[in-house]
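# Would you be able to build a 3D model of this:
(2 chains)
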Amino acid sequence: GNSVTQMEGPVTLSEEAFLTINCTYTATGYPSLFWYVQYPGEGLQLLLKATKADDKGSNKGFEATYRKETTSFHLEKGSVQVSDSAVYFCAPSSISGYSTLTFGKGTMLLVSP
Amino acid sequence: GAVVSQHPSRVICKSGTSVKIECRSLDFQATTMFWYRQFPKKSLMLMATSNEGSKATYEQGVEKDKFLINHASLTLSTLTVTSAHPEDSSFYICSARRDDGRPRDTQYFGPGTRLTVL
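Numbers count the residues shown, from 1 in each chain, chains lettered A, B, ... in the order given. The predicted structure follows:
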């Protein structure tokens, strides 16, 4: 089955700093790749996705590029805000069956003013 | 669009009792829904895949008789924790996949249910 490795958190940044959260995965075939975000006290929300190699997903200033060669899907943002403080989850989907998601352990981001 | 609700948001029960958690897709149909359990270190574990009109598919290590899943309609799936024990205390999250969604493997998540078993 699929597996995901995310960088350990928490990641602590000052407002307007550059963010990178690393994600590498192992999977059969070429799955779709997702980043989900969980804000404090809320459920998971889809942040962005990419469905094939070299695709770039983007949303709310966040970006991630599907890198087939390195099996990575690193999340980046050029200038973080306090409101970006949350837990971020990387997840590839399976290419067969019910297209289930395999989640990483999540990376907590804390942004201070 | 793509809103998923869960009820209740929090529940406290005595050991040995059963608890039912509902997951509803409010503005779309979902033949397939998923149930997860979120552990204190924030990782989500897929428990089972719920399919309308058929039996749920459970992940390895998840007890079918303990975690009963019923997908009664295209907008409702329920998870019943039977004979709950303190070790079942956790955060249970459901998600739903839109029948008309693109890509098909995008899941929309509910806000979760915090179960505490005394």
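# Can you give the strand pairings for the lowest-mean-pLDDT helix or strand in chain B, parallel or anti for each?
Least confident element among the helices and strands of chain B, by mean pLDDT, DSSP states H and E: strand B:107-109 (a mean of 89). Strand B:107-109 sits in its sheet next to strand B:90-97 (antiparallel), going by DSSP bridges.
# Contact partners for the nearest residue to B:Pro111 once chain neighbours are set aside?
Setting aside the residues directly before and after it, B:Pro111 is nearest to A:Gly43 in space (Cβ to Cβ, 6 or more residues apart in numbering or on different chains), at 3.8 Å. (C-beta placed from N, C-alpha, C; glycine too.) Neighbour list for A:Gly43: B:Val4, B:Gln6, B:Ile93, B:Phe109, B:Gly110, B:Pro111, B:Gly112 [criterion: Cβ atoms under 8 Å, 6 or more residues apart in numbering or on different chains].
# which ones are touching residue 80?
I'll assume chain A. Taking Cβ under 8 Å, 6+ apart as the criterion, A:Val80 is in contact with A:Leu13, A:Glu15, A:Glu16, A:Ala17, A:Phe18, A:Leu19, A:Leu109, A:Val111.
# switch to chain B, that's the one I care about
Applying Cβ under 8 Å, 6+ apart, the residues contacting B:Thr80 are B:Ser18, B:Val19, B:Lys20, B:Ile21, B:Phe67, B:Leu68, B:Ile69, B:Asn70.
# cutoff 10 Å now
Under the criterion of Cβ atoms under 10 Å, 6 or more residues apart in numbering or on different chains, the neighbours of B:Thr80 are B:Ser18, B:Val19, B:Lys20, B:Ile21, B:Lys66, B:Phe67, B:Leu68, B:Ile69, B:Asn70.
# PyMOL command to pick out the buried ones of the residues you listed?
Applying 16 or more other Cβ atoms under 10 Å in any protein chain shown to the contacts of B:Thr80 leaves a buried subset, and the PyMOL line that selects it is:
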select buried, chain B and resi 19+21+67+68+69
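# So which of the contacts of B:Thr80 are in strands?
Applying DSSP state E to the contacts of B:Thr80, the entries found in strands are B:Val19, B:Lys20, B:Ile21, B:Phe67, B:Leu68, B:Ile69, B:Asn70.
# so which of those residues would you say is closest to A:Ala53?
B:Ile69 (35.1 Å; Cβ to Cβ).
# Now that closest one. Nearest residue, chain neighbours left out?
When the adjacent residues along the chain are set aside, B:Ile69 lies closest to B:Ala56, with 3.9 Å between them (Cβ to Cβ, 6+ apart).
# Alongside chain B, which residues does chain A contribute?
If contact is defined as Cβ under 10 Å from any Cβ of the partner chain, the residues of chain A in contact with chain B are A:1, A:4, A:6, A:9, A:31-32, A:34, A:36, A:38, A:41-46, A:49, A:51-52, A:87, A:89, A:91-95, A:97-108.
# before we move on, the earlier item: please point out which parts of the least confident helix or strand of chain B sit buried.
Buried residues in strand B:107-109, counting neighbours by 16+ other Cβ under 10 Å, are found at B:Gln107, B:Tyr108, B:Phe109.
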